[in-house]
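**Student:** got a structure for you, letters missing:
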Ligand SMILES: O=P(O)(O)OC[C@H]1O[C@](O)(CO)[C@@H](O)[C@@H]1O
């Protein structure tokens, strides 16, 4: 197991009043114990398909073949899909420098475009500027019925039509969705299959925000040449203690859930994840959806906030240290000490920073991650630390599985169903109604 977790600085006995009381954490551990028992049953009975993924490789060859097919002759690959149909792929893609500040434009191979937000100006300009004959589109939607994705897919077909490329739709597009419902409906399939577009199957037992380790997340990862087997085996590391029947205290995801349950008991309604790596920025956004949609129901749940370091030290940290003490923090660091450019001693002296002499940029970032966690604790703000020695496909798989397990266990512990999202449907129905009315 690469992931190291320490929750001591979240607790009152360590940081004083302001930390989570020991009794609340004990209650959290008790809640996590029953939750863990239920999750282990999920694993043993096979009723939670997500838990079967880490040990399986049977679908990986199909994903690799689809990735190779898409890359063939492609300058650009556009991924349509929103929420869980995009964020897992983005998180993994960032490992390969996608959307890393300063590096995105220097990437080699096909350019990837995740069009997860629907913005008319952006989408129109994208379709105008893309070299359509050399562009591939992947339309991803578990349900097949998400309005944003459907509209984008329709716009793509019309753009291909205008460019005289509609006859090549079967070659230029790929779909990824669940099989048709028993009533025969799946809007995305209804739209694209008559154009000859082939579909990969979305796993029916894995919800969108838990789908990063299925073809939904692994297809973009494979396009970028990431080792998708290593991602799965990293995920298996996070699951291993659960599989082995380990106690709560020896199961990092359960300890994390115990902390979240304790925070709920203590009315700490905000969870901040601050990750010290450009390549974890999308992970924080993926986690926001995972946490918010899984736990925010029946008047329960907590507000997830994404931050990255060190940059957000210069925007959010003042509030975190001296604002209301209503949050729990997770500081995620990677072993970057000794990484990156080394600083010329002469230049360090000239700038009046002799402490920088001969040190690497990674030395400063490592020190900053540690200093932020310790400063939070000194200011009696509950903070847990998560560290991986290095960030690669394997550790990313482990981190993602850790947070999925922790979220499920927290849901079980606070008594909500972590797999549905009934409340968001209301707004979708209303938006379609307003769209119809605005024509009149
Ligand atoms: O993959 P789909 O079915 O298009 O859904 C996209 C997203 O929309 C939601 O259903 C919420 O509206 C998310 O749960 C999901 O990840």
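**Tutor:** On my side now, so go ahead. For clarity, every value in this text was computed on a predicted model and none was experimentally measured.
**Student:** Would you mind listing what in the protein touches the ligand?
**Tutor:** Within the chain, the residues that sit near the ligand (CB under 6 Å from any ligand atom) are 82-85, 141-143, 146, 149, 208-209, 293, 421, 424. The way it works is simple: take the backbone N, C-alpha and C, and place the C-beta from them, glycine included.
**Student:** Just the buried residues out of these, in ChimeraX syntax.
**Tutor:** Buried residues among those (16 or more other CB atoms under 10 Å), as a ChimeraX selection:
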select :82,83,84,85,141,142,146,149,208,209,293,421
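**Student:** can you put the residues of the chain next to the ligand in a markdown table and add distance to residue 174?
**Tutor:** Below are these laid out as a markdown table (distance: CB to CB, whole Å):
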| residue | distance to residue 174 |
| --- | --- |
| 82 | 17 |
| 83 | 19 |
| 84 | 18 |
| 85 | 13 |
| 141 | 12 |
| 142 | 15 |
| 143 | 17 |
| 146 | 17 |
| 149 | 13 |
| 208 | 18 |
| 209 | 22 |
| 293 | 26 |
| 421 | 26 |
| 424 | 26 |
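**Student:** which of the residues of the chain next to the ligand lies closest to residue 317?
**Tutor:** For the residues of the chain next to the ligand, the closest approach to residue 317 (CB to CB) belongs to residue 293, at 27.1 Å.
**Student:** confidence score at the closest one?
**Tutor:** Here the pLDDT value assigned to residue 293 is 97.
**Student:** That one reaches residue 287, doesn't it?
**Tutor:** No - applying CB atoms under 8 Å as the test, residue 293 and residue 287 come out as separate, 11.0 Å apart.
**Student:** was I right about residue 216 contacting residue 85?
**Tutor:** Yes - the criterion here is CB under 8 Å, and residue 216 meets it with residue 85 at 6.1 Å.
**Student:** Give me the common contacts of these two.
**Tutor:** Contact criterion CB atoms under 8 Å, 6 or more residues apart in numbering; residues bridging residue 216 and residue 85 by contacting each: 140, 142, 176, 208.
**Student:** Tell me which helix or strand in the chain has the weakest average pLDDT.
**Tutor:** Lowest by mean pLDDT, DSSP states H and E among the helices and strands of the chain is helix 424-439, with a mean of 91.
**Student:** Okay, buried residues for that one please.
**Tutor:** Across helix 424-439, burial judged by 16+ other CB under 10 Å covers no residue at all.
**Student:** which secondary structure elements does that helix contact?
**Tutor:** Judged by 3 or more CB pairs under 8 Å, 6 or more residues apart in numbering; DSSP states H and E, helix 424-439 is in contact with helix 147-162.
**Student:** angle of the helix it packs on against helix 424-439?
**Tutor:** Angle, helix 147-162 to helix 424-439, by axes from the mean of the first three to the mean of the last three CA atoms, to 10 degrees: 50 degrees.
**Student:** distance between the ends of stretch 9-28?
**Tutor:** Taking CA to CA, to the nearest Å, the first and last residues of stretch 9-28 lie 16 Å apart.
**Student:** and the residue nearest to residue 193 when sequence neighbours are not counted, how far is that from the ligand?
**Tutor:** In space, and not counting its chain neighbours, residue 193 is closest to residue 199: 7.1 Å by CB to CB, 6 or more residues apart in numbering. Note on residue 199: its distance to the ligand, by CB to the nearest ligand atom, to the nearest Å, is 13 Å.
**Student:** In this structure residue 199 contacts residue 180, no?
**Tutor:** No - here residue 199 lies out of contact with residue 180, judged by CB under 8 Å, at a distance of 10.2 Å.
**Student:** residues in contact with the residue nearest the centre of the chain?
**Tutor:** Central residue of the chain (CA atoms, centre = their mean): residue 286, 2.7 Å from the mean position. By CB under 8 Å, 6+ apart, the contact list for residue 286 reads 87, 88, 90, 91, 212, 400.
**Student:** Any buried residues in stretch 135-155, and which?
**Tutor:** Neighbour counts over stretch 135-155 (16+ other CB under 10 Å) mark 135-142, 144-146, 148-150, 152-153, 155 as buried.
**Student:** as a whole number, average confidence for that stretch?
**Tutor:** Mean predicted lDDT for stretch 135-155 stands at 97.
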